[in-house]
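Enquirer: sequence and computational prediction follow.
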Amino acid sequence: MADRPDTCEVAVVGGGPAGLMAAIALAGAGVATALVAGRPVRVDNRTTALLAGSVSALDAIGVWAGCRADAAALRVMRIVDDTGRLWRAPEVRFEAAEIGLQAFGWNIANQHLVAALRARAGALPALVRIDDDARDIAVGDDDVTITLARGGALTARLVVGADGRRSICRAAAGIETERRCYPQTALTFNLTHARPHRDISTEFHTPQGPFTLVPLPGLRSSLVCVVTPDDAERLRELDAAGLDREIERRSHSILGKVEVEPGHGVFALAIETARRFAARRIALIGEAGHVMPPIGAQGLNLGLRDAATIGELVVAARRAGEDIGGAALTDEFDRLRRADVTSRALAVDLLNRSLLSDFLPVQGARGLGLYLLDRIGPLRRAMMREGVTPRLAEPRLMRGEAL
Ligand SMILES: Cc1cc2nc3c(=O)[nH]c(=O)nc-3n(C[C@H](O)[C@H](O)[C@H](O)COP(=O)(O)OP(=O)(O)OC[C@H]3O[C@@H](n4cnc5c(N)ncnc54)[C@H](O)[C@@H]3O)c2cc1C
């Protein structure tokens, strides 16, 4: 990458997967881009189920080849009602082949995904990586100035805020959020197991939240276990053998004997959506714009669509000789992302709250919904298609097209 500049066309703040994807999409199309990304503060042991559109986009920006060997195909998704309640839903099974796909997507460890993104970012001449955090963001009429934590500053026509849940870019743009906290904690583990997963992801719906096993290559899977904060504490206090037994019990031994790998993640669950996704020369992508509970693998897939959308808008405005950070562009970004993010946030919120509800009619409605999905083929197929490739928001990169 080139020497550190003090001006650029676009500055991306935050080097998580959403920020890296945006920086690569922009720089790959020749936009002078700076990625402001200090060292991540914690190890991320999560995995991401990348849906088909995200995989096409990663392929189009030259990243997927570096991921493929570390990713496992998701050919079948099962939802199993493990609530033990009076009104239980039937098991619902979604098969990718039913909508003509080889797989719904691929599951990959975030560490492998980020490593492949970083490798690609390092190969782009139009991309400068600034190994520092942004300390302050000041918005002017024609540009935005980022003051760096270790000294120095950078000026850009547009800032892409990819700086996660506590985004200082969002604060600088004067954007507020709507937030709901759930009485739930997600624990993330990776496991080795005795029986093959056969490319099947299984989501057990328990009264505390989903318990989701997602295939990794070989005899390995990732697990997101959503429980009450107290239950999370109990699980974290178990010794290794006790945890193996408990996870095997909760997974109904579908993968045989389980061994939990060292290291786990802990996430308090919340849903949070920015009131606008862009304003004042700042566009928010990934968790800076929206945080979702880990249900239905939506969070980062939305974040990658944000990144592809801002890339597409900037490249088109630049070619047309327009202001790449002006209100026309930021308003259009907000408009394009709103329906996709809010419809998914609503669905995830409803599903999660229906699991937690003790109110019988709510449990009945949830069971009926799953029953209808199980029985009505066209409804099930429409839902699968919408889950993999949303009709309303499919930027070019998600269709595998270059910017
Ligand atoms: C348990 C769990 C499971 C999940 N599973 C899935 C899944 O299967 N599929 C899916 O699509 N999504 C999933 N998600 C959601 C997904 O993990 C997130 O959407 C994704 O990690 C967010 O990426 P990001 O790049 O927006 O943010 P982050 O990964 O949080 O990156 C933000 C980056 O910005 C940096 N930063 C912060 N402040 C500054 C600053 N001032 N200056 C510079 N840098 C800064 C941080 O250090 C960090 O590196 C899951 C989430 C959870 C909690």
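Expert: The structure has been received and is ready for your questions.
Enquirer: what about residue 256, which SS state?
Expert: Following DSSP: H, G, I helix; E, B strand; the rest coil, residue 256 is assigned to coil.
Enquirer: okay, now it: neighbour count?
Expert: When counting by other Cβ atoms under 10 Å, one arrives at 12 neighbours for residue 256. C-beta: built from backbone N, CA, C; applies to glycine.
Enquirer: check contacts around it.
Expert: Neighbour list for residue 256: 193, 194, 195, 248 [criterion: Cβ atoms under 8 Å, 6 or more residues apart in numbering].
Enquirer: can you flag the buried ones in those?
Expert: Among these, the ones that count as buried by 16 or more other Cβ atoms under 10 Å are 193, 248.
Enquirer: mind putting the contacts of residue 256 in a markdown table, secondary structure, distance to residue 266 and pLDDT included?
Expert: Below are these laid out as a markdown table (DSSP: H, G, I helix; E, B strand; the rest coil; distance: Cβ to Cβ, whole Å; pLDDT from 0 to 100):
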| residue | secondary structure | distance to residue 266 | pLDDT |
| --- | --- | --- | --- |
| 193 | strand | 22 | 98 |
| 194 | coil | 27 | 98 |
| 195 | coil | 28 | 98 |
| 248 | helix | 21 | 97 |
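Enquirer: for the residue nearest to the spatial centre of the chain, which residues are in contact?
Expert: Geometric centre of the chain, nearest residue: residue 300, 1.2 Å, by Cα atoms, centre = their mean. Residue 300 makes contact with 17, 18, 48, 50, 54, 286, according to Cβ under 8 Å, 6+ apart.
Enquirer: distance of the first one relative to the ligand?
Expert: Using Cβ to the nearest ligand atom, to the nearest Å, one obtains 5 Å as the distance from residue 17 to the ligand.
Enquirer: cool, and the last one?
Expert: Computed as Cβ to the nearest ligand atom, the residue 286 to the ligand distance reads 2 Å.
Enquirer: can you classify the residue nearest to that residue when sequence neighbours are not counted by secondary structure?
Expert: Leaving aside its sequence neighbours, residue 286 sits nearest to residue 18 (Cβ to Cβ, 6 or more residues apart in numbering; 2.9 Å). Of the three states, residue 18 takes helix according to three-state DSSP.
Enquirer: wait, residue 18 touches residue 307, no?
Expert: Yes - between residue 18 and residue 307 there is a contact under Cβ atoms under 8 Å: 5.3 Å.
Enquirer: top of the contacts of residue 300 by neighbour count?
Expert: residue 18 (31 neighbours).
Enquirer: ok so, going back, which one among the contacts of residue 256 gets closest to residue 204?
Expert: For these, the residue nearest residue 204 by Cβ to Cβ is residue 248; the value is 12.9 Å.
Enquirer: which residues touch that closest one?
Expert: So residue 248 contacts 255, 256, 257, 258 (Cβ under 8 Å, 6+ apart).
Enquirer: and what of residue 139?
Expert: Counting by Cβ under 8 Å, 6+ apart, residue 139 has contacts 172, 173, 280, 281, 282.
Enquirer: filter those down to the ones in strands?
Expert: Among these, DSSP state E puts residue 282 in strands.
Enquirer: just the buried members of the contacts of residue 139?
Expert: Applying 16+ other Cβ under 10 Å to these flags 172, 173, 280, 281, 282 as buried.
Enquirer: want to try TSV for those residues, with pLDDT as columns?
Expert: Shown next, in TSV, are the buried ones among the contacts of residue 139 (pLDDT from 0 to 100):
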residue	pLDDT
172	98
173	98
280	98
281	98
282	98
